[in-house]
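S.K.: sequence plus the predicted model coming up.
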Amino acid sequence: MASPPEYAAQASLHRNRVVRWLDERFGWEQLLAPLRHKTVPVHKLSYWYFLGGMTLFLFMIQVLTGILLLLYYRPSANEAFESVQYIMTQVKFGWLVRSIHSWSANLMVFTAFAHMFSVLFLRAYTKPRELTWLSGMVLLFLALGFGFSGYLLPWNTLAFFATKVGTEITGQVPVIGKPLLVFLRGGEEVTGATLTRFFGFHVALLPGITTMLIALHVLLIQRLGMSVPPGQEAAWNALPPNKREMPFFPNFFLRELMAWYIALGVLGVLAAIYPWELGAKADPFVAAPAGIKPEWYFMFMFQTLKLIPAKVGPIDGELLGILGFGFAGLVWVLLPFLSGDRYSRRHVFIRGLGVFALAYMLGMTIYGYLAVPK
Amino acid sequence: MRQRATTETQSHGGRHGSKPLCFCVSVVALIACLLLPASLCAQAPSQPAKGSCVECHSSFPAPTGVTEEQWAADIHAQKGLSCASCHGGDPKDASPEGAMSKKAGFRGKPKRTEIPALCAKCHSDGAYMRQYNPSLRTDQFAQYQTSVHGKRLATGDTKVAVCIDCHSVHGIRPAKDSRSTVNPLNVANTCARCHADAAYMKDYKIKTDQFAGYSASVHHDAMVVRGDLSAPTCTTCHGNHGAAPPGVASVEAICSTCHVFQAQLFDASPHKAAFAAMGAGPCITCHSNHRIVHPTDKMIGTGSEAICTNCHASGDPGFVAAGRIHDDLTKLDESLKRSDDVLDKAERSGMEVSQARLEEAQGHDSLIKARVTIHSFQPGKVEQDTQAGMKVADKTYQAGLQALAERDYRRKGLGLSLITIVAVLIGLRMYIRQIESRNQSGGS
């Protein structure tokens, strides 16, 4: 019988053979070389670096659980609700897969927002990382698109009416609003055609675009390296010996892995203690339930639109709100191009804007949940 | 209170009929079509006709006063009729003498005894009424003549209700209008204005507690609390224009217009003949007439609240049957409650039990059916229904228990998973320390 050191030696031998085999065929070692040399700065704010990886991990969970759900889900108005009900009650661990898919989706949107704000406050969006910010912002919008399209798929009452309200708001957009509404709904009303369409967006169009953009985003991070906050960078430039780094692989990667494991534990707790509700099957012919609310990440916009008066001067209130959010979103996307270089004084203003935006989103979200439905 | 009294004075000319002028103005709307030839009525324009009458009478105090708002709300005014349609006269003449001259056909206030016939001139004319509402009945006057009110009026009793007492005057709204005095929601209050007034009803020697009884009934609850306008009110059982108390013999026929199955079962039951022999009304003996409270399972059986013991004594077959029926109903009710509790608990734990809930509804249906079947007074028939419900209740109870067991299984699985995750985290942390200390020692 072989002793443990002999086992380790044999395992290492086998591993080397596999690596050599791969290397001889497509230059495996050359591919991995950048990863081996990649380093991650170590400072008091380093933990914010985990958020991007965490979002990526949750996206992978989404892909995995989404594929499993596809084995049973049926995207038609007559069968969608029943198929999800079947997944929740009859399929072995179906409840777990669906609950993790739903909880993970929400956590992913949360970590994506947190990642965006961390990048903003750490001033990591400035030159030369404009494209990283741009691709990240589009990924955030895609995450919201995933949430909006996936919410309808169980075809329950809340989802049905939330989609109805959500697409109605889209219809208010000037010029393209009406055609966009018809395109999203697959007609004038929310019907089975909308469900089929949203299903297509959710499982084909959005994942395809997202995967490509994630690849671009990660490639850009790989090419440009991790950004260091300006204050820390200045301190290190003044005293270069104080600069601290750790290898990305395995040191940072293993720490990221720990964070992923913690996320997995949180998902497990949420899925087991609070399985995602199914609700009642959508009935287009009944009145909308009182106090209908969108998903939490749309709440700040929804509540704002509710609070704007029907008419603001000669302009329709809802239209004004939509234009306002559209403009704010555009400014946000273009921030790296509006803020000047990394040490520009404009960043003080942008930080204030970020704090205001965060407080506004939090405040409106809380207000939306506490407001008594009329 | 003063205002209300004034209103009552207006619409109860008979009750407070000491002032003949009270009626002079107060009958304007309803008599609209009656004193005039149909040709005049047929000239009806679509807008309320505004003549000289309202111009003066709107400034008068009640009861001769009729405001423009009041008249504009009247269905007759909306259909284009004018004061002259009922009272005669010439509303185009600006002088009171000319407008209310005999020459112009002024009739003034009609007598109470004349009012039903006055209204009937239009309302019993099918051809005339068709132009306004083709589905409106035109037999009100004929029915009225068969009612207690109509018969007594024919004998000269002017205290009884005539058209305007229920429909009001000068502000008559269609019955479907919720503000109408004859809208289903308001009918009981309208009837109660006379029938709950002990002083007014003194001469007739009939009870005046009907409205109090009805107000405490399940029918009132359905109508007023739940807003179900199809629920019975006074006119549903007594008739409206032909209002009369139903005799004992016709009670069952009246109740069975809604409670069909109960009546069928009762007809085939031994109680049918027994009640007839006693001269007791079929439904009202157990359920009362106006104070029909929500029935409970305690009403049947041998307990202190059971009404069966009013006739059946311990030991007789009816007493035993009542006990059996009560026990079966109680068992099913308790089984369904037990199932409800366990499914509620599972639902609160986030378990998906909608299928069991759907099946449980069938159990509740069985209980409702059994509560109807008790009108057969045959324990065997009731047992058939309760047994069907018991099977469902047991099955859904088991489904609830399974859901709770599944919940516990999930939580145990979660515990094991968390232990594994924590172990991996500790392992990773130790490994990171190991490689970092190795690197540091290698570096140094």
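M.R.: That came through fine.
S.K.: what's the single longest helix in the chain?
M.R.: In the absence of a named chain, chain A is used. helix A:94-121 (DSSP state H).
S.K.: oops, wrong one, chain B.
M.R.: Max-length helix for chain B by DSSP H is helix B:379-443.
S.K.: and it, is it in reach of chain A?
M.R.: Yes: using C-beta under 8 Å from any C-beta of the partner chain, helix B:379-443 reaches chain A at B:410-411, B:413-414, B:417-418, B:421-422, B:424-425, B:428-429, B:431-432, B:435-436. For every residue, glycine as well, the C-beta is placed using N, CA and C.
S.K.: which of those count as buried?
M.R.: B:410, B:414, B:421, B:425, B:432 (16 or more other C-beta atoms under 10 Å in any protein chain shown).
S.K.: wait, doesn't the second one sit right on residue A:266?
M.R.: No: with contact defined as C-beta atoms under 8 Å, residue B:414 does not count as touching residue A:266 (11.3 Å).
S.K.: contacting residues around residue B:425?
M.R.: A:258, A:261, A:262 (C-beta atoms under 8 Å, 6 or more residues apart in numbering or on different chains).
S.K.: now distance to chain B too, for those residues, in TSV please.
M.R.: Below are these laid out as TSV (distance: C-beta to the nearest C-beta, whole Å):
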residue	distance to chain B
A:258	5
A:261	5
A:262	7
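S.K.: most neighbours among those residues, please name it.
M.R.: Neighbour tally across the contacts of residue B:425 (other C-beta atoms under 10 Å in any protein chain shown): the maximum, 19 neighbours, falls on residue A:258.
S.K.: okay, the angle between the host helix or strand of that residue and helix B:379-443?
M.R.: Assessed by DSSP states H and E, residue A:258 sits inside helix A:253-273. Between the axes of helix A:253-273 and helix B:379-443, defined by axes from the mean of the first three to the mean of the last three C-alpha atoms, to 10 degrees, the angle is 170 degrees.
S.K.: past helix A:253-273, which element shows up next along the chain?
M.R.: Next element after helix A:253-273 (DSSP H and E): helix A:299-307.
S.K.: which strands and helices sit next to that next one?
M.R.: helix A:317-333, helix A:346-370 (3 or more C-beta pairs under 8 Å, 6 or more residues apart in numbering or on different chains; DSSP states H and E).
S.K.: which residues in the stretch 1-150 of chain B form helices?
M.R.: Assigned by DSSP state H, counting those that start in this stretch, the stretch 1-150 of chain B shows helices spanning B:2-11, B:21-26, B:38-42, B:52-57, B:68-72, B:75-78, B:83-87, B:96-99, B:115-123, B:126-130, B:140-146, B:148-154.
S.K.: what's the average pLDDT for the longest one?
M.R.: In this model, helix B:2-11 has a mean pLDDT of 34.
S.K.: returning to that earlier point: return the set of buried residues in the helix holding residue A:258.
M.R.: Here helix A:253-273 shows A:253, A:255-261, A:263-265, A:267-268, A:270-272 as buried, counting by 16+ other C-beta under 10 Å.
S.K.: what do you get for stretch B:301-319?
M.R.: So, applying 16+ other C-beta under 10 Å, buried residues of stretch B:301-319: B:301, B:302, B:306, B:307, B:308, B:309, B:311, B:312, B:318, B:319.
S.K.: most widely separated two among those?
M.R.: B:301 and B:311 (13.4 Å; C-beta to C-beta).
S.K.: pLDDT below threshold where in the chain?
M.R.: Chain wasn't specified; assuming chain A. A:1-5, A:372-374 (pLDDT under 70).
S.K.: not quite, I wanted chain B
M.R.: B:1-51, B:247-249, B:442-444.
S.K.: nearest to residue A:57, of the buried ones among the residues of helix B:379-443 next to chain A?
M.R.: Using C-beta to C-beta, these come closest to residue A:57 at residue B:421, 13.7 Å.
S.K.: contacts only, for residue A:296.
M.R.: A:106, A:365, A:369.
S.K.: among those residues, who's most crowded?
M.R.: Top of these by neighbour count (other C-beta under 10 Å): residue A:365, with 18 neighbours.
S.K.: contacting residues around it?
M.R.: A:296, A:299, A:300, A:303 are the contacts of residue A:365 under C-beta under 8 Å, 6+ apart.
S.K.: now tabulate the residues you listed in TSV and tack on distance to residue B:95.
M.R.: Shown next, in TSV, are the contacts of residue A:365 (distance: C-beta to C-beta, whole Å):
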residue	distance to residue B:95
A:296	76
A:299	71
A:300	72
A:303	67
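S.K.: of those residues, grab the buried ones for PyMOL.
M.R.: With 16+ other C-beta under 10 Å as the criterion, this PyMOL line picks the buried residues out of the contacts of residue A:365:
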select buried, chain A and resi 299+300+303
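S.K.: give the buried residues for stretch A:96-107.
M.R.: A:96, A:97, A:98, A:99, A:100, A:101, A:102, A:103, A:104, A:105, A:106, A:107.
S.K.: got the contact list for that stretch?
M.R.: Contacts of stretch A:96-107 (C-beta under 8 Å, 6+ apart): A:58, A:61-62, A:65-66, A:68-69, A:84, A:87-88, A:91, A:146-147, A:150, A:263, A:266-268, A:270-272, A:274-276, A:295-297, B:410.
S.K.: swap in stretch B:371-379?
M.R.: B:261-263, B:265-266, B:268-271, B:295, B:297, B:300, B:318, B:321, B:324-325, B:328-329, B:381-382, B:384-385.
S.K.: do the same with stretch A:224-236
M.R.: Contacts for stretch A:224-236 (C-beta under 8 Å, 6+ apart): A:38-41, A:43-45, A:49, A:119, A:122-124, A:128-129, A:132, A:242-243, A:342-343.
S.K.: still on that earlier bit, which secondary structure elements does the helix holding residue A:258 contact?
M.R.: Secondary elements touching helix A:253-273 (3+ C-beta pairs under 8 Å, 6+ apart): helix A:50-70, helix A:94-121, helix B:379-443.
S.K.: follow-up on the earlier one: from the buried residues of stretch B:301-319, pick the one nearest residue B:202.
M.R.: When the buried residues of stretch B:301-319 are compared against residue B:202 (criterion: C-beta to C-beta), the nearest one is residue B:307, at 32.3 Å.
S.K.: which bits of chain B sit near chain A?
M.R.: Near chain A, when you scan chain B using C-beta under 8 Å from any C-beta, you find B:350-352, B:354-355, B:410-411, B:413-414, B:417-418, B:421-422, B:424-425, B:428-429, B:431-432, B:435-436.
S.K.: residue boundaries of the helices in the stretch 251-400 of chain B?
M.R.: So, for the stretch 251-400 of chain B - with DSSP H, counting those that start in this stretch - the helices run B:260-267, B:270-278, B:284-287, B:317-348, B:354-373, B:379-443.
S.K.: can I get the helices and strands packed on helix A:253-273 in JSON lines with distance to residue A:25?
M.R.: Below are the helices and strands packed on helix A:253-273 laid out as JSON lines (distance: least, C-beta to C-beta, whole Å):
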{"stretch": "helix A:50-70", "distance to residue A:25": "26"}
{"stretch": "helix A:94-121", "distance to residue A:25": "35"}
{"stretch": "helix B:379-443", "distance to residue A:25": "29"}
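S.K.: which of the ones you listed sits most buried?
M.R.: When the helices and strands packed on helix A:253-273 are scored by mean count of other C-beta atoms under 10 Å in any protein chain shown, the highest mean neighbour count falls to helix A:94-121 (a mean of 21).
S.K.: and for the nearest residue to residue A:273 once chain neighbours are set aside, the neighbour number?
M.R.: Leaving aside its sequence neighbours, residue A:273 sits nearest to residue B:350 (C-beta to C-beta, 6 or more residues apart in numbering or on different chains; 7.1 Å). Using other C-beta under 10 Å, residue B:350 has 18 neighbouring residues.
S.K.: so what's the residue in the stretch 1-150 of chain A that chain B sits nearest to closest to, chain neighbours aside?
M.R.: Closest residue of the stretch 1-150 of chain A to chain B, C-beta to the nearest C-beta: residue A:88 (4.5 Å). Nearest residue to residue A:88, sequence neighbours excluded (C-beta to C-beta, 6+ apart): residue B:352, at 4.5 Å.
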